[in-house]
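Novice: fold the stuff below for me.
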Amino acid sequence: MRTSAVAGIVFGNVHDELLNEITAIRSMASVPFAARYRLIDFTLSNLVNAGVSNIGLLTKENYRSLMDHIGSGVYWDLDRKNGGLHILPPYNTGETRRYRGYVEALNGVRDFIEKSNADYIVICDTDVVANVNLTAALNSMEKSGADMTVVCCQGDVPVHHQNAMLLQLDADHNVQKIHFADGVAQNALYSLGITIVRQNLLLDLVTGAYQNELNDFYRDIVAKSVGKLKITGYVHEEFAAVMDGIASYRENNFALLDPQVRQQLFCPERPIYTKTREDMPTRYGTRSVVKNSIVGDGCVIDGTVKNSILFRGVHVGKGAVVENCILMQDVCVGQNAELCYVISDKDAVIGSDITLKGTAEKSLVLKKNQII
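Specialist: Prediction:
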């Protein structure tokens with residue numbers, strides 16, 4: 001398929017409410033992940049690796065951190081005169097308003113969709129971590145003649161996700177039925193928040209839904225189109241994670257401590273790109289102990305770190321113990337402090353001799369710049 005025939009639309013503020021403790025100051029798209037990345041890195045990399053270079057990023061609120069991270073899109077080779085990365089912020093006119101859902105958002109960016117001159121539009125959420133072969137998904141859709149393709153995977157359904165869309169496929173991967181989990185814990189084939197739609201069809205469907213005051217893209221458009229349109233499913237068979245709460249955010253980060261998961265997510269054939277930060281290598285003190293952890297650049301480790309994720313610039317003082325924790329950029333842990341099951345936002349300071357402990361069921365979350 002010609003890459004110029006495909007454009008992408010990325011929702012930057014999708015499901016922010018599911019990570020309230022972290023998204024209070026940022027969008028879902030800019031949530032830090034895996035010691036050096038942001039969630040949007042995986043979405044943009046999936047599109048770019050498939051040759052998609054015309055991408056619209058819809059923002060709604062708390063997007064300063066996101067704008068700082070993506071800049072002009074240069075780190076994803078999206079700083080282009082033709083195509084490239086287009087920021088589509090909220091706006092108000094006499095006829096439009098700040099969007100409340102997917103349908104209003106898509107209707108508000110009709111101009112971008114029409115001017116893209118694309119045959120296919122890839123609609124992506126940013127609360128998903130996966131290295132998806134979108135080239136294969138697009139080729140499969142073109143070959144089958146489908147009107148719409150939903151990228152999905154088999155696994156434990158994200159129970160707190162209101163739009164956890166479950167699919168039933170036949171032997172030819174045609175969608176036979178779609179229903180929604182609604183909080184039920186189960187292992188099933190569920191959507192990864194990536195949907196490919198023919199451009200003209202998308203515009204028609206959005207127009208009809210908007211005029212009828214329907215605003216849920218998945219329930220009111222995709223699910224109701226089963227049996228009326230040819231909808232196929234593309235099954236992603238490697239690691240995939242959906243953020244549907246603090247517990248899943250923690251476990252999805254910790255999943256990367258498994259070498260097999262890292263190999264699937266960061267395969268050399270489809271790199272994951274991110275904003276680079278020039279920093280010194282991590283420095284380990286003579287009495288430091290680090291086991292089963294991922295540590296970003298620029299850290300100073302003089303204590304003990306076990307089963308944890310440390311972002312760039314974290315300092316762990318002498319005698320301090322950090323276990324089962326996620327410490328974001330430039331967090332400072334004082335001497336002889338003890339942290340267990342703690343998730344700390346960036347620039348937090350934990351003083352010497354402080355003990356902070358969450359549990360395996362509920363992590364203790366520290367805010368950005370919090371001092372304890």
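Novice: for the longest helix anywhere in the chain, which positions count as buried?
Specialist: As assigned by DSSP state H, the longest helix anywhere in the chain is helix 199-211. Under the neighbour-count criterion of 16 or more other Cβ atoms under 10 Å, helix 199-211 has 199, 202-203, 205-206, 209-210 buried. C-betas here are computed from N, CA, C, even on glycine.
Novice: what do you get for stretch 346-355?
Specialist: 346-350, 354.
Novice: report the mean per-residue pLDDT for that stretch.
Specialist: Stretch 346-355 shows a mean pLDDT of 98.
Novice: can I get it in PDB? Just the C-alpha atoms.
Specialist: Output in PDB follows, covering the C-alpha atoms of stretch 346-355 (Å, rounded to 0.1, in the frame of the first residue of the first chain):
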ATOM      1  CA  LYS A 346       9.100  13.900  38.700                       C
ATOM      2  CA  ASP A 347      11.100  16.200  40.900                       C
ATOM      3  CA  ALA A 348       9.800  14.800  44.100                       C
ATOM      4  CA  VAL A 349      12.100  14.800  47.100                       C
ATOM      5  CA  ILE A 350      12.100  12.100  49.800                       C
ATOM      6  CA  GLY A 351      14.200  13.100  52.800                       C
ATOM      7  CA  SER A 352      16.700  11.000  54.700                       C
ATOM      8  CA  ASP A 353      15.400   8.300  57.100                       C
ATOM      9  CA  ILE A 354      11.900   8.500  55.700                       C
ATOM     10  CA  THR A 355       9.900   5.300  55.200                       C
END
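Novice: V222: how many residues sit nearby?
Specialist: As a burial measure, V222 scores 25 neighbours (other Cβ atoms under 10 Å).
Novice: kindly report the same for H179.
Specialist: H179 has 14 neighbours, counted by other Cβ under 10 Å.
Novice: give me the secondary structure label for A247.
Specialist: Secondary structure, DSSP: H, G, I helix; E, B strand; the rest coil: A247 is helix.
Novice: number of residues surrounding it?
Specialist: Using other Cβ under 10 Å, A247 has 13 neighbouring residues.
Novice: what sits against it?
Specialist: Taking Cβ atoms under 8 Å, 6 or more residues apart in numbering, we find A247 in contact with 361-363.
Novice: so E17, which of the three states?
Specialist: Applying three-state DSSP: E17 is helix.
Novice: okay, domains of this protein per the record?
Specialist: Using automatic domain parsing, the domain parsing of the chain gives 3-265, 283-366.
Novice: these: lowest mean pLDDT?
Specialist: domain 3-265 (a mean of 94).
Novice: so how far is V333 from the residue of the chain positioned farthest from its centre?
Specialist: The C-alpha centroid of the chain is most remote from T286, which lies 37.3 Å away (Cα atoms, centre = their mean). Per Cβ to Cβ, to the nearest Å, T286 is found 18 Å from V333.
Novice: for T135, helix, strand, or coil?
Specialist: helix.
Novice: quick one: it from A320, how far?
Specialist: To A320, T135 is 46 Å away according to Cβ to Cβ.
Novice: same check, this time on L106
Specialist: 49 Å.
Novice: just V206 next, same as before
Specialist: On the measure of Cβ to Cβ, V206 and A320 end up 53 Å apart.
Novice: before we move on, the earlier item: tell me which of L106 and A320 has more neighbours.
Specialist: Applying other Cβ under 10 Å to L106 and A320 shows that L106 carries more neighbours, namely 27 against 24.
Novice: in a strand, that's where the more buried one is, yeah?
Specialist: No - L106 is assigned helix when assessed by three-state DSSP, not a strand.
Novice: would you agree it is in contact with I113?
Specialist: Yes - the pair L106 / I113 is scored as a contact, 7.5 Å apart, by Cβ atoms under 8 Å.
Novice: who touches both of the two?
Specialist: With Cβ under 8 Å, 6+ apart, L106 and I113 have common neighbours 9, 202.
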